[in-house]
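Novice: Sequence isn't available, so here's the structure alone:
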């Protein structure tokens, strides 16, 4: 009888052990602890230059460049970081929002506010600036050289200039721009020699001051040219063989042609 009782106890123990579920990966077995057990597999991305080798990051940079063209004051920076198990991530600093991506382009957290606590748990130990909008502003085109006026805006209408007046000392209206971002421009109208200071700034902005020259009475073209230089021109653009001086309403008010390539 004792042997039968012992055998039944052993069988009951086996059945209980078989029915007890095994711990599942990624699941916490303590019902009072709600912390999730995360996958600790290291994410590895191979690249030489993340700005060109990671498609998702290159796509974002193209997007940011377009935004910067529309808004010159836009400031965005990208940092390459090391976090967690010596993994590589990227922090995109947009000012108000700072999403943190793994190297696959997945958002792991957003810095700032309550959500920033998640970023702290990632243990970001280093960061290096690799891209920012202010280092990617388009370069101004070169405008140094001798430029001859083709047309001037008179009474709001861009008009080709005519022939010089009788006995005019100069055959054209032209200026010579040095190969610098600021300095002195000299030239002539049909009637007078002229000169003025200039400064070229970002995004093809240009300013002038200290307009002067000889003092013979100007014709209408000379007066219109002087007025635009002194009061109206704020930026420039180069199109084909032409240099356009442009006002604040984005209208071309003086159009030049390159004398060396004049047709």
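Specialist: Perfect, thanks for sending it. Predicted model, so just to flag it, every value in this text is computed and none were measured.
Novice: what's next to stretch 45-60, contact-wise?
Specialist: 61, 78, 80, 88, 90, 92, 101, 103, 104, 105, 130, 131 (C-beta atoms under 8 Å, 6 or more residues apart in numbering). C-betas here are computed from N, CA, C, even on glycine.
Novice: Looking at strand pairing, list the partners for the fifth one.
Specialist: Assessed by DSSP bridges, residue 90 has beta-bridge partners residue 80, residue 101.
Novice: And residue 226, which helix or strand is it part of?
Specialist: helix 220-227 (DSSP states H and E).
Novice: Repeat that for residue 175.
Specialist: Using DSSP H and E, residue 175 falls in strand 174-177.
Novice: Neighbouring strands of the helix or strand following that strand in the sheet, and parallel or not?
Specialist: For strand 174-177, the following helix or strand on the C-terminal side (DSSP H and E) is strand 182-188. Strand pairing for strand 182-188, determined by DSSP bridges: strand 174-177 (antiparallel), strand 193-200 (antiparallel).
Novice: sorry, back to before: what angle do the helix holding residue 226 and strand 182-188 make?
Specialist: 170 degrees (axes from the mean of the first three to the mean of the last three C-alpha atoms, to 10 degrees).
Novice: now the angle from whatever helix or strand comes next after helix 220-227 to strand 193-200?
Specialist: Later in the chain than helix 220-227, the nearest helix or strand by DSSP H and E is strand 235-239. Calculated by the same axes, to 10 degrees, strand 235-239 forms an angle of 100 degrees with strand 193-200.
Novice: which residues touch strand 235-239?
Specialist: By C-beta under 8 Å, 6+ apart, the residues outside strand 235-239 that reach it are 141, 143, 203, 204, 205, 206, 243, 244, 245, 246.
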